[in-house]
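Student: need a 3D model of the following:
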Amino acid sequence: MAKRSKLAQEAFELAEPIVTDLGFDLVDASYVKESRGMVLTLYIDKKGGIGIDDCETVSRAVDPVVDESDIDPDYFEVSSPGLTRPLEAESDYNRYEGEKIDVSLYKPLEGKKSFTAVIKGAESGSATFVFDNGEEIAIALEDIAKAVRHIDF
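Tutor: Numbers count the residues shown, from 1 in each chain. Model (predicted):
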């Protein structure tokens, strides 16, 4: 779980069942002071990515719940976590199953600390990757320093 302020965690817990019922994953929440005031942001994701219509759908559904809560932000927004958001939980790895992932390890595995491979999925605290040569390897999530979606330009 991401480190969140008390109010961001409260917003996360209020919004999560609504977001899930709409078919999205609530991956994070933040409640921070910006120049325009206190901003509550919910970050949603789904397999295939998030579009502006998805953000609007979630915003319309969650806004009344936020209004009735004690959170009281000056601004409320819903956003995609972005292409370069690190994968952390098993659900993140499973959401991007079949996609290329750039992985950095805390310590070398077979002489390498970083690699690019296709994510096969995750369960029981480890993620399984498939390399171009067909080799599969399972790595404990705690041994992964950073994993992000691979972007080809």
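
Student: centre of the chain to stretch 74-88, how far?
Tutor: Remark: stretch 74-88 is offset 8 Å from the chain centroid, using C-alpha atoms, centre = their mean, to the nearest Å.

Student: who does the strand ranked longest in the chain pair with, and is each partner parallel or antiparallel?
Tutor: Counting residues, the longest strand found in the chain (DSSP state E) is strand 112-123. Strand pairing for strand 112-123, determined by DSSP bridges: strand 100-109 (antiparallel), strand 126-130 (antiparallel).

Student: between these, which one is closest to Leu83.
Tutor: Among these, strand 100-109 comes nearest to Leu83, with 11.5 Å by C-beta to C-beta. Where C-beta positions appear, they are placed from N, C-alpha and C, glycine not excepted.

Student: buried ones in the helix or strand bottoming out on mean pLDDT in the chain, by neighbour count?
Tutor: Every helix and strand of the chain was ranked by mean pLDDT, DSSP states H and E. The lowest is helix 90-95, at a mean of 91. Using 16 or more other C-beta atoms under 10 Å as the test for burial, helix 90-95 gives Glu90, Asp92, Tyr93, Asn94, Arg95.

Student: mind giving me the packing neighbours of that helix?
Tutor: strand 25-34, strand 112-123 (3 or more C-beta pairs under 8 Å, 6 or more residues apart in numbering; DSSP states H and E).
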